[in-house]
Each structure stands twice: as C-alpha cells, then as structure tokens.
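Visitor: got a sequence here, can you build the structure:
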Amino acid sequence: SNPVTRLKGSALGGIMCDALYGHLIPFLVISLSLNDCSNAPFVGFSIFLSAGIVWQLFKGIRNIILHQIDDRKNDKKSGLKTFVVHNGALFSTRMINFIIIPLEIISFAFFLWAVSLNLSSFYLVFIAFLIFTIFARKVWRSWTAPSPRDTKNLLFFLNDFYEIWMPVAALLYLCFANKWFILLLIAHLFLFHKMFIRIREDLIDIKNNIGGLLQAKKT
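Guide: Below you'll find the predicted structure:
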C-alpha cells in the first residue's frame, strides 16, 4: 500500500477515516434513502439525522480506538503511528471512558427520542438495557474497585444494545405494524441464536450480583 495514502498510519486520520466509512456514511446513505422512499413523513427527521450523525461518529471512533488498543503491539512492530501508539493505551482508554462514551450516550439518547416520536416509547428499551447492564456488569465497581474485566466490559457495553437489543426491539415494533414481519423476526433469532447464550450468562450474573449486594448489606 502507498504510505502516503494509507491513513491507518495517521493518528487522527486513521480513526476519522474508519469512523466515516464504517459507520457515519452508511448511516447517512440508508437514512436519507429510506426517508426519500417513505410514503409517511418521519416526525423529527432533522433531529434524528443530526443526533444520528454525532452518535455514529463517536460510535465509530470508540470502536476503532478499541481495535487499535488490541492491535497496538503489532502496529508498533510495523512502525505504524496509530492514535493508540501515539497517545498510549491508558490515555486512549480514559478518553473512551470519560469523553467518548458519555458523548455517545447523549447523542444516542437524542437519536432514540426522535425514533420514539415515530415508534412510541422506543427509548424505554434503552432504559431497560441500561438497568440490565448496571446489574449484569456491576457498574458500581467502576467507582470502587474495578477489575480489568469490569473495565473492558464497560468499554464495549453499548455494542450489546446495538447488536442484540435494538434489532430485536425494532423487529417487535414492526411485527405490531405488520404481522408478516414475524417471519423476519424468526429468521433473525435463528441466524443470531448465540445472543441467547449471552443473555443467559448476563441473567446468571445479575442473579449473582444482586445476591452479593444483598449479602453485603446483611453483613
């Protein structure tokens, strides 16, 4: 590859390029296309689009930085000055925890609000997910005695909603609008059946974590 045009070797250019082509641009293409083809007006589309752009940008930046954290040793050997190689894994992780994830959640909340103007109370799915995550991941440990596993889980926890919760919730809403979407829901659950294993593990963690909290209060 041409070292001049290979943006992976650029600290800022690498993460921005990946966030744009992998997340933001596909979101724009799909959103604008569906809005043009839709017979019914999308209420709050400007808010939906604006919040979605910010959300996808921060989502993409978070994912590529996490990828670079995992790849930093190989990137150093290859002589690539990625964002993580340039700034360090600790700085990059703290930036994700204290800047990127909060901004991602805020922009996604506005995005969900715009969606909820068209799909009634869709935001409640995200609230349920956050409550679920608090107990499954022992989020309170982040401010007391976080373990490396706890920290890593929190870096990726939003992906669980995007990849597991949100598609199923959207398909359920569509099923209420048109019963034929049940076939698509069944196909989705069949193709991505491993999500049930993850949910089962999370439910076991929730049971154990709540039990631990109750036991700690008694003592």
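Visitor: where in the protein is pLDDT low?
Guide: 1-9, 140-153, 219 (pLDDT under 70).
Visitor: from what I can see Trp55 touches Phe111, true?
Guide: Yes: taking C-beta atoms under 8 Å as the definition, Trp55 is a contact partner of Phe111 at 5.1 Å. Just so you know, the C-beta spots here come from the backbone N, C-alpha and C atoms, and that holds for glycine as well.
Visitor: where along the chain do the helices fall?
Guide: Taking DSSP state H as the test, the helices found in the chain are 11-19, 25-37, 45-78, 83-87, 89-95, 101-116, 123-136, 148-160, 166-177, 181-191, 194-218.
Visitor: so how far is Gly22 from the residue nearest to Ala89 when sequence neighbours are not counted?
Guide: Excluding its sequence neighbours, the residue lying closest to Ala89 (C-beta to C-beta, 6 or more residues apart in numbering) is Ile69, at 5.2 Å. Per C-beta to C-beta, to the nearest Å, Ile69 is found 17 Å from Gly22.
Visitor: neighbour count: those two, which is higher?
Guide: Under the criterion of other C-beta atoms under 10 Å, the comparison of Ile69 against Gly22 puts Ile69 first, with 20 against 14.
Visitor: Trp113 versus that one, what's the distance?
Guide: Distance, Ile69 to Trp113, using C-beta to C-beta: 31 Å.
Visitor: repeat that for Ala169.
Guide: 15 Å.
Visitor: higher neighbour count, the two?
Guide: Ala169 (18 against 15).
Visitor: list the contacts for the spatially closest residue to that one that is not a sequence neighbour?
Guide: With C-beta to C-beta, 6+ apart as the criterion, Ala169 has its nearest non-adjacent residue at 4.4 Å, and that residue is Val125. Shown in contact with Val125 (C-beta atoms under 8 Å, 6 or more residues apart in numbering): Trp165, Met166, Ala169.
Visitor: what's the nearest residue to the first one if we skip its chain neighbours?
Guide: Computed as C-beta to C-beta, 6+ apart, the closest residue to Trp165 that is not its neighbour in sequence is Phe129, at 5.1 Å.
Visitor: so that neighbour sits right up against Tyr162, yeah?
Guide: No: here Phe129 does not reach Tyr162: they are 10.1 Å apart, not a contact under C-beta under 8 Å.
Visitor: neighbour count: these two, which is higher?
Guide: Each of Phe129 and Tyr162 has its neighbours counted (other C-beta under 10 Å); Phe129 has more, 19 against 12.
Visitor: mind checking how far the more buried one is from Asp160?
Guide: On the measure of C-beta to C-beta, Phe129 and Asp160 end up 7 Å apart.
Visitor: now swap in Ile134 and tell me
Guide: Note on Ile134: its distance to Asp160, by C-beta to C-beta, is 13 Å.
Visitor: quick one, which of the two is more surrounded?
Guide: When neighbours are counted by other C-beta under 10 Å, Asp160 comes out ahead of the other of Ile134 and Asp160, with 20 against 14.
Visitor: identify the residues contacting that one.
Guide: For Asp160, the contact set (C-beta under 8 Å, 6+ apart) comprises Phe129, Thr133, Arg198.
Visitor: could those residues go into TSV alongside distance to Leu119?
Guide: Output for those, formatted as TSV (distance: C-beta to C-beta, whole Å):
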residue	distance to Leu119
Phe129	16
Thr133	22
Arg198	24
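Visitor: and Ile186, how far from Val168?
Guide: As judged by C-beta to C-beta, Ile186 and Val168 stand 11 Å apart.
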